[in-house]
Every structure is written in structure tokens, then in C-alpha cells.
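Visitor: Next comes the sequence, and after it the predicted model I'd like to discuss.
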Amino acid sequence: MFYDERIEKERGKISKNAIVMSALISALIFALRVAVILKNSDNPVYLIHLIPEGAVILAGIVVFALGLFRYLRTPKDEYITEKESIFYGRALVLEVKILSLIFAASLPIALYIGNSEFYIQGKFGNIFSVLVLSVGIYVIFSFRKHNIYFNYSIMDREDYISCVFKNIGRLALWFLLLFGISFASLIFWPVPVRESAALPANIFLILIYYLLLFVFLSLLYLLFSLLEKSSNNTNHFISKSALITLAVSILIYAVYAFLTVMTEANSESEAQAVMLVSALSILKVYVNVAYIMFLSYFGYEFLRQRQSKLFSLGVFIAALSQVVLNIGKEISIHIRDYFISEIMEGGIYFVTMTSDTKLALQIICLLFSFLGLSMVLTALIRQKEIHKLNFIGIVCFVLLMGVEAFLSTQTDYLKVLIYHACAEIAVLTYLFVIVSFIGRKKTEEDEFLLP
């Protein structure tokens, strides 16, 4: 197995920060969920739904405490620093495995307890998707910043693709283990089943859940692996990896937007629409991850050749808007759930308040996203990578945002959804053209300089 001291040191630092960030975000969501459950229920047994958040917090505290105990008072030298980095790197991997085991054992319990409560239903384990789209963004950017590959130990092997599929096979075995634990918990856990007829349905539901999660993680890992190999083998100014990630983001978002619009237009009830759109959210996770990967590849590949603080700041703001949007959505959902009893009683004020909060959040995040992209375009124009006429693109960003904000207050949700989808696809397609132009331009110059 290939070993690199620099890579292990940086991975250790990134892992340590990821553990701390996960614990802090989980603590915030934990506090909000406790407030929601205690306000809307007199039965403390519903607190069992806090197991995922509590496990992340506890694991973070234990790992950080062990790290401080082992290395805080130890004189720092290269050997100790290397050992500390290895400790946190392994601790993060072990923490993920333990958390997945806890989640597998407690998932069936959540199906039995509080399954009919609206403010609890469908939220068990949401913290993991929040962490993927927040802490995951930090990890992706940090790895690109320090030129670290997830598969660095097999990067130079001739059977690279075979090793990738072997890792996917190991992941499949791990998910079989998780399903076995959930199945055993579902069958033997001493919790009264409300309806015995629900047992087969719950087994099928858990099986489908793990199957979808396995497919999601396998495809994501495969995409990462192919992109890393492509990026590692290229001498181009901008690698194909940046274009591939952006193309994947556009295609999946187009499918997601189409299915979402069709669902909203044809659902028989609002509750049915909410349920189906929630099921489609896995596609939006793919879109967000692919877009963040694009920003990381394009950002750091460009900065390797050109120094631009404006470009760097623009990429950072565009990525940060995604983090704020994902965490903010979770917070807004809990704010709505906190006032669920008033909403159910027909409290128009609370409905208006929560909908306005979500709308304001979306507009603010859209503003920051367009601000970041505008800064990126400005930097590219200053570096003379693209023509000055692309300033028109910045003006279009402002107009698109203004029109969406106006439509949000003047027309129904479905029309706003259609406009937002079209606008976002147009912006992503424009970025694709810009990036492909920059990559082709530099490649052509390199070919011209060849003897």
C-alpha cells in the first residue's frame, strides 16, 4: 500500500476539523429537535428519534477528548504530529462505521415510535444528509486544496478500476451487514408493534432504503474515482474532470426539475406532493455534490496557473451559499415544526411566517451564489481568459434573481418552480460553455508550442 507522510498529515487535519464541524452542526439540529418534540408531545419516548444526532455529538466529544488526552501535553515533533494525524484520520473512518451501526440498530425503532406524528415523520437520520452537504463540502475543497486524492493509495496502480470496483463490493457487504442488523432489531426489539400487518411493509421499506443509499454512495464513489484518475492524468489547463462534474450536475438537475414539476402539477393532494418531492430529493443531493465538485476542480485547477484573490473569493462564496442553503433549510423546517400545533389549528400567521422564512432563505442564498459566480466571471475577464462582453452575463444574473424574487410574490408556486428550474439550467449551461472555452483555449496554445 502506497504511503505518503504529507498526505497523511493533511488528511489528519481535515479529519479532525470534519469531526468537530459534524459535532457542532449536530448539536444545533439536536437542540432544535428537542424543542420541537418537547413542545408538541407529552411522551418523552419520542426522544428516541434523537439517536442519530446524539450519536454524532457523543462520538465527536469522545474522539476529540481522546485526542486531547493523548497529544495535548506531548511535546510536538514530526513523529508525534504524524501519529496525531494518523489518529484523527482513522478516528473519522471508525466514527462513520460506528454511527452507521447505531443508525442501523435504531432505524426500526423509529418506524414504530412516533411514525404517525407529522413533526417527526421522515426526519430520522436527516442529520446525515445535512452533514454530507456541509462537512462534505469542506472535505472536498480541502482535499483539492492540498492536492489529495481519496484513492491516493491505488492511484498509480494498473488495475485502478478493478480496485475501485473491489471497494464498491466491500461497501455492498457492509450494507448487507447493516440490513441484517436492522432486520434483527426490527424482529427482536422489545417494542410493541402497533399493527402486525406493518411488519412486512417495514422490512421492505428498510430494504429499499439501504438499496437506494448503496446505489447513491456507489455511484458517487465511482464518479469521484473516475474524476480523480482523469485529473491526475491530464496536463491541460482545465481538466476534463471540471467539465464532467458540471455536465453531470446539469443533466441530473434537469431530470430532478422535470420530475418535481410534474409531481407538483399532477399530485392529487399537497401531502402527496410533499411526500413525492421528498423522495426525489436524493437527486438534488447528487446535483449539489456534483456542483461542489465542479467548483473545487475548476477553482483549484485555475488557481494553479493564475493567482487571483477575486476568483478564489468568488468560488468560496458560491460554495458557501450551498452550505448555508442546506443547513438553513433544515433549520427552517424545524421552525415550522415547532409551530405545527398552531398551523394545524389554522394559524395563518404561522404558515405565512414559515413560508416567508423559506422564501427569504432561498433568495438570500441565490443572491450569494450569483454574487460568487459574478466575482468568478469578473476575475476571468480581468485575467483576459474570456471576452469583456461576458459582463453581460453578470447583468443577466442580477436580472434573473430579480425576476425570481418578483415572481415569488406575484404568482403561484408551480410557475415559480418552472422559472427557477429554467434559470438555473441556463446559468449552469452558460458556465459549461465558459469553462469548456477556457480549457480548449489553453490546450490549443499548448499544442501550438509543441515542436
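Guide: Now that the structure is in, tell me what you want to look at. Please read all numbers here as calculations on a predicted model, not as lab measurements.

Visitor: going forward, measure contacts between C-alpha atoms and count neighbours the same way
Guide: Noted.

Visitor: how's this structure carved up into domains?
Guide: Domain assignment for the chain by automatic domain parsing gives 1-148, 162-233, 234-451.

Visitor: which residues in the protein form helices?
Guide: Residue ranges of the helices in the chain, as given by DSSP state H, are 5-40, 51-71, 78-112, 126-132, 135-145, 160-188, 198-232, 240-266, 270-305, 309-338, 340-344, 348-382, 391-410, 413-449.

Visitor: out of these, which comes closest to N151?
Guide: helix 198-232 (6.9 Å; Cα to Cα).

Visitor: thinking again about what came up before, need the domains of the chain in JSON lines with distance to I154 and mean pLDDT, can you?
Guide: Output for those, formatted as JSON lines (distance: least, Cα to Cα, whole Å; pLDDT from 0 to 100):
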{"stretch": "domain 1-148", "distance to I154": "7", "mean pLDDT": "78"}
{"stretch": "domain 162-233", "distance to I154": "7", "mean pLDDT": "79"}
{"stretch": "domain 234-451", "distance to I154": "17", "mean pLDDT": "75"}
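
Visitor: Could you check those and tell me which one is nearest M155?
Guide: domain 162-233 (7.0 Å).

Visitor: Pull the distance from the closest one to the chain's centre.
Guide: How far domain 162-233 lies from its chain's middle: 18 Å, per Cα atoms, centre = their mean, to the nearest Å.

Visitor: want to throw the domains of the chain into JSON lines with distance to D156?
Guide: Putting the domains of the chain into JSON lines (distance: least, Cα to Cα, whole Å) gives the following:
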{"stretch": "domain 1-148", "distance to D156": "9"}
{"stretch": "domain 162-233", "distance to D156": "9"}
{"stretch": "domain 234-451", "distance to D156": "14"}
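
Visitor: Let me have the ones you listed in JSON lines, extended by mean neighbour count.
Guide: Shown next, in JSON lines, are the domains of the chain (neighbours: other Cα atoms under 10 Å):
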{"stretch": "domain 1-148", "mean neighbour count": "17"}
{"stretch": "domain 162-233", "mean neighbour count": "15"}
{"stretch": "domain 234-451", "mean neighbour count": "17"}
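
Visitor: need the contact list for the residue nearest to the spatial centre of the chain.
Guide: For the chain, L133 is the residue whose C-alpha lies nearest the centre (Cα atoms, centre = their mean; 2.1 Å). Contacts for L133 (Cα atoms under 8 Å, 6 or more residues apart in numbering) come out as 285, 288-289, 322-323, 326.

Visitor: ok, now with 10 Å
Guide: Neighbour list for L133: 127, 285-286, 288-289, 292, 322-327 [criterion: Cα atoms under 10 Å, 6 or more residues apart in numbering].

Visitor: Looking at these, which is nearest F103?
Guide: I127 (11.2 Å).

Visitor: check contacts around the closest one.
Guide: Applying Cα under 10 Å, 6+ apart, we find I127 in contact with 22, 25-26, 29-30, 50, 52-53, 56, 133, 327, 330.

Visitor: can you tell me which two in those residues are farthest apart?
Guide: L50 and L133 (19.8 Å).

Visitor: follow-up on the earlier one: for the contacts of I127, which one is nearest I168?
Guide: I168 lies nearest to L133 out of these, by Cα to Cα, at 21.5 Å.

Visitor: So the closest one versus M293, what's the distance?
Guide: With distances defined as Cα to Cα, to the nearest Å, the gap from L133 to M293 amounts to 12 Å.

Visitor: same check, this time on V261
Guide: 26 Å.

Visitor: Return the distance of the residue nearest to the centre of the chain relative to G328.
Guide: With Cα to Cα as the criterion, L133 and G328 are 12 Å apart.

Visitor: where do the contact lists of those two overlap?
Guide: Common neighbours of L133 and G328, using Cα under 10 Å, 6+ apart, are Q322.

Visitor: what sits against the nearest residue to F316 once chain neighbours are set aside?
Guide: Spatial nearest neighbour of F316, chain neighbours left out: G372 (7.3 Å); criterion: Cα to Cα, 6 or more residues apart in numbering. Taking Cα under 10 Å, 6+ apart, we find G372 in contact with 310-321, 366, 378.

Visitor: Please tell me how far stretch 154-161 is from the chain's geometric centre.
Guide: Using Cα atoms, centre = their mean, the offset of stretch 154-161 from its chain centre is 27 Å.

Visitor: and if you look at stretch 24-33?
Guide: Centroid displacement of stretch 24-33 relative to its chain, using Cα atoms, centre = their mean, is 17 Å.

Visitor: just stretch 322-339 next, same as before
Guide: Offset of stretch 322-339 from its chain centre (Cα atoms, centre = their mean): 15 Å.

Visitor: And for stretch 127-136?
Guide: Computed by Cα atoms, centre = their mean, the separation of stretch 127-136 from the middle of its chain amounts to 5 Å.

Visitor: can you offset everything so residue one is 188?
Guide: I'll keep to 188 as the first residue from here, and by that count the last item is stretch 314-323.

Visitor: Endpoints of that stretch, how far apart?
Guide: First-to-last residue span, stretch 314-323, Cα to Cα: 12 Å.

Visitor: Am I right that E282 is in contact with V243?
Guide: Yes. In this structure E282 lies within contact range of V243 using Cα atoms under 10 Å: 8.3 Å.

Visitor: list residues touching both of these two?
Guide: Joint contacts of E282 and V243 (Cα under 10 Å, 6+ apart) are I206.
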